[in-house]
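Visitor: prediction below, plus the sequence it came from.
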Amino acid sequence: MSYQLEVIRYRDLLLVTAATRFVPGVTPLTLEIKGEDFTNVERVLINEIACPEFMIVDKKTVYAQLPENTSSISQIEVVSSAFTRREGSSKISFEIGNKTRKVNGILKLVQLFAKWVLQSPGSDIFDPSRGGGLQEIVGKVMTGKNMQSIYATLTRSISTTASQIRTAQSNQSGLALDERLMGAELLDLQIFEDQMEARARVRLSSMTGAEALAALQL
């Protein structure tokens, strides 16, 4: 079994169903957050800032301390400590310089795909052709009017990356079958014009038939 250093954390965003009140009698201000299953909460972010402290009260409830200087709440993210392959949203974070761990199996394959699909061709001096170039989409205007263009770019990036990975892996001996890419498919794309954001779901399959969902937020 082979391992790879985890430099991209790929974790599920747990479903938040409500955040309707501050916990009475608790200082600093602490928000009560409700969800379907908070058993494996690793981090809570409010407005994309990690909460200084949080506590899992029960399976459906988390108390999270508001970050400093938070005057209003526009976004809440509850991040799982595990990669569970649920059909929801996921969060990618780069771990270079932070605590890392070893990964293998389908999670290793997801990390590899995420790194390569985001990589811009020409950025690797040892292999200038490598990369799906998906970072080129980031920062572009996201509107319904150019939906077809964005979809085509995503499809091309995913197809190119999948082909590159399969070619590279064909020359690797001893690589586990659950770490060998069989296919990558764009399931859907959503455009959120107010947030200037696109969210894509990509289904990855390994040679063992195992599948994982890569949910990318651009």
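Guide: Sure, I can see it. Not measured: the values here are computed from a predicted model.

Visitor: let me see the ranges of the helices in this protein.
Guide: Counting by DSSP state H, residue ranges of the helices within the chain are 105-118, 147-170.

Visitor: what residue ranges in the protein score low on pLDDT?
Guide: 1-11, 82-101, 137-146, 192-197, 217-218 (pLDDT under 70).

Visitor: setting the sequence-adjacent residues aside, check what's closest to Asp124.
Guide: Spatially, and ignoring its direct neighbours in sequence, Asp124 is nearest to Arg130 (5.1 Å; CB to CB, 6 or more residues apart in numbering). Just so you know, the C-beta spots here come from the backbone N, C-alpha and C atoms, and that holds for glycine as well.

Visitor: revised request: answer the last question for Leu109.
Guide: Spatially, and ignoring its direct neighbours in sequence, Leu109 is nearest to Glu179 (5.2 Å; CB to CB, 6+ apart).

Visitor: check contacts around Ser157.
Guide: 117, 132-134 (CB atoms under 8 Å, 6 or more residues apart in numbering).

Visitor: ranges for the strands of the chain?
Guide: 4-5, 8-14, 16-22, 30-35, 41-46, 49-50, 54-58, 61-65, 76-80, 89-94, 102-103, 181-192, 197-206, 211-217 (DSSP state E).

Visitor: Ala198: neighbouring residues, count only.
Guide: Using other CB atoms under 10 Å, Ala198 is surrounded by 22 other residues.

Visitor: how is the chain divided into domains?
Guide: For the chain, automatic domain parsing gives the domain ranges 10-90, 104-217.

Visitor: about what we covered before: quick one: the strands of the chain as CSV, columns for distance to Pro121 too.
Guide: Shown next, in CSV, are the strands of the chain (distance: least, CB to CB, whole Å):
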stretch, distance to Pro121
strand 4-5, 22
strand 8-14, 19
strand 16-22, 37
strand 30-35, 40
strand 41-46, 32
strand 49-50, 33
strand 54-58, 40
strand 61-65, 41
strand 76-80, 31
strand 89-94, 20
strand 102-103, 25
strand 181-192, 17
strand 197-206, 19
strand 211-217, 18
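
Visitor: hmm, Leu31 is touching Thr61, no?
Guide: No. Assessed by CB atoms under 8 Å, Leu31 is found out of contact with Thr61, at 11.0 Å.

Visitor: which of these two has more neighbours?
Guide: Set side by side, Leu31 and Thr61 show more neighbours around Leu31, with 22 against 14, by other CB under 10 Å.

Visitor: how about the more buried one: what's its closest non-neighbour residue?
Guide: Ala64 (5.2 Å).

Visitor: quick check: bridge partners of that neighbour?
Guide: Leu31, Phe54 (DSSP bridges).

Visitor: what about it, how many neighbours?
Guide: The burial count for Ala64: 25, using other CB under 10 Å.

Visitor: go ahead and confirm it touches Arg43.
Guide: No. Between Ala64 and Arg43 there is no contact under CB under 8 Å: 9.6 Å.

Visitor: any residues in contact with both of these two?
Guide: With CB under 8 Å, 6+ apart, Ala64 and Arg43 have common neighbours 51, 54.

Visitor: returning to that earlier point: surely the residue nearest to Leu109 meets Ser206?
Guide: Yes. Between Glu179 and Ser206 there is a contact under CB under 8 Å: 6.8 Å.

Visitor: list residues touching both of these two?
Guide: Contacts common to Glu179 and Ser206, judged by CB under 8 Å, 6+ apart, are 106, 109.
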